[in-house]
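Enquirer: my questions are about this predicted structure, shown below with the sequence.
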Amino acid sequence: MKGASRRSYLISLFLSILLALVVGGVLMALTGHDPINGYQQLISGTLGLFDENGFNICVWNDRGIGNTLYKAAQLCITGLATAVAAQAGIFNVGGEGQMYLGALGSAWLGAQLSGVSPWITIPLCLLFAAVCGALYAWVPAVMKVKMGINEVITTILLNTVAIKFCTYMATGPLKTAERGINQGTDAVDKAFLFDKLIPGSSLTESIFYIAVISLIVWYLMSRTTAGYQMKLIGQNERFARFAGIPADRLAIIAMLISGAMCGLLGMFESFGLWKRFRPDFSNEFYFDGMLVAMIMRYQPLGIVLMSLFFGVLKMGGAAMQSQAGISSVLIQIIQSIIIFFMAAEEGILQNLRARRAVSAAKRQTVKEG
């Protein structure tokens, strides 16, 4: 994306968000709520800038910041996983299943290696989670490039297979014998767990791993020959093949990287928040990451920034409900409107440009006449 085009896109995206917030404010006013107070509570629930009166700057909300960063990290790694595959012309909708297998595999291994040095176990679990996710992504990738089978269909179906399989294992053969645990594997050894960075929040040390992964993916997509070749494949596969680029091999590699990232996120959840594998650990947040990636046109830096924004929306919505008394349904409607305007930004911008061009042409015709 060139400089002028990038600036135009960012400006239009900002205006789309602003317009969506205005529409959300109108909805709050029509339902008897104070829009200013509602948005102040959204910010307070994530940053803590306002006191209870809504005017004075006060202390930071550590818990809110931690939960926001936790959610943003989830969205960031899933968004980048989507972007890596999409850049090579293959759409990975199976990240949820890949994440489940990575979570189950790493949690099982972490429990089996109890007592072994963390310097050995944690790298092994990281590797095993990545391999589980990558291998499960390899299946639809090969079916796509070798047999021409649509990867969207296969990955969606494989999601169900993986989730059902992991649920069966966690409630059957691998179910823990601990009292009070209805479903889940044995607990991961405490020595291997990721500590919480902010007490009371969900943010753990896994965010450092996610930051490193994000940096590597950005470098791969933006600064390497392979990344440029993947981008060329995604833009024009026929031309890429004509230029001698191994499109099939790079598509499979991109899918393997995407699956590995999803598998690692599964481990981060098991070793951080849940301390074991639980079938209900995910609320389908991979699909939120996909949405972030598509809105930002698979641009790595944009995905990171938009993940932070979505994190504020997700975590701030809870504060709007508890502090401002705004219905959770209304909050979801407001969030959906914001997402809609951001997603529709390109179409709206093109429509305005077309109207402007038609008006300019008419004026020119009148002058010449």
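Expert: Thanks, I have it. Being a predicted model, the structure only gives us computed values, none of them experimental. Numbers count the residues shown, from 1 in each chain.

Enquirer: look up how far A111 lies from E178.
Expert: To A111, E178 is 11 Å away according to Cβ to Cβ, to the nearest Å. C-beta: built from backbone N, CA, C; applies to glycine.

Enquirer: average pLDDT for the one helix or strand Q364 maps to, rounded please.
Expert: Element membership for Q364 (DSSP states H and E) is helix 345-368. Average pLDDT, helix 345-368: 71.

Enquirer: before we move on, the earlier item: with neighbour numbers in mind, choose between E178 and A111.
Expert: Neighbour count, other Cβ atoms under 10 Å: between E178 and A111, A111 has more, with 19 against 11.

Enquirer: can you read off the pLDDT for that one?
Expert: 93.

Enquirer: for P300, which non-adjacent residue is closest in space?
Expert: W218 (4.1 Å; Cβ to Cβ, 6 or more residues apart in numbering).

Enquirer: what's near enough to touch that neighbour?
Expert: For W218, the contact set (Cβ atoms under 8 Å, 6 or more residues apart in numbering) comprises L80, P300, L301.

Enquirer: helix, strand, or coil at it?
Expert: helix (DSSP: H, G, I helix; E, B strand; the rest coil).

Enquirer: quick check: it vs T224, distance?
Expert: Distance from W218 to T224, by Cβ to Cβ: 10 Å.

Enquirer: so where do the helices sit in the chain?
Expert: Ranges of helices in the chain, per DSSP state H, are 3-30, 35-46, 62-87, 95-112, 118-147, 151-171, 206-223, 225-235, 237-242, 247-269, 285-295, 300-324, 328-343, 345-368.

Enquirer: any idea which of these is most buried?
Expert: Among the helices of the chain, helix 95-112 has the highest mean neighbour count (mean count of other Cβ atoms under 10 Å), at a mean of 28.

Enquirer: now it, how far from the centre of its chain.
Expert: 18 Å (Cα atoms, centre = their mean, to the nearest Å).

Enquirer: give me the angle between it and helix 151-171.
Expert: 30 degrees (axes from the mean of the first three to the mean of the last three Cα atoms, to 10 degrees).

Enquirer: what packs against helix 95-112?
Expert: Applying 3 or more Cβ pairs under 8 Å, 6 or more residues apart in numbering; DSSP states H and E, we find helix 95-112 packed against helix 62-87, helix 118-147, helix 151-171, helix 247-269, helix 285-295.

Enquirer: swap in 6 Å and give it another go.
Expert: Contact partners of helix 95-112 among helices and strands, from 3 or more Cβ pairs under 6 Å, 6 or more residues apart in numbering; DSSP states H and E: helix 118-147, helix 151-171, helix 247-269.

Enquirer: any chance of these in CSV, with distance to S44 and mean pLDDT too?
Expert: Below are the helices and strands packed on helix 95-112 laid out as CSV (distance: least, Cβ to Cβ, whole Å; pLDDT from 0 to 100):
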stretch, distance to S44, mean pLDDT
helix 118-147, 36, 95
helix 151-171, 36, 94
helix 247-269, 27, 95
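
Enquirer: can I get these in TSV including distance to Q335?
Expert: Below are the helices and strands packed on helix 95-112 laid out as TSV (distance: least, Cβ to Cβ, whole Å):
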stretch	distance to Q335
helix 118-147	28
helix 151-171	24
helix 247-269	22
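
Enquirer: export the helices of the chain to a markdown table and tack on distance to T185?
Expert: Listed next are the helices of the chain as a markdown table, based on distance: least, Cβ to Cβ, whole Å:
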| stretch | distance to T185 |
| --- | --- |
| helix 3-30 | 41 |
| helix 35-46 | 33 |
| helix 62-87 | 21 |
| helix 95-112 | 5 |
| helix 118-147 | 13 |
| helix 151-171 | 6 |
| helix 206-223 | 18 |
| helix 225-235 | 36 |
| helix 237-242 | 42 |
| helix 247-269 | 12 |
| helix 285-295 | 21 |
| helix 300-324 | 27 |
| helix 328-343 | 32 |
| helix 345-368 | 43 |
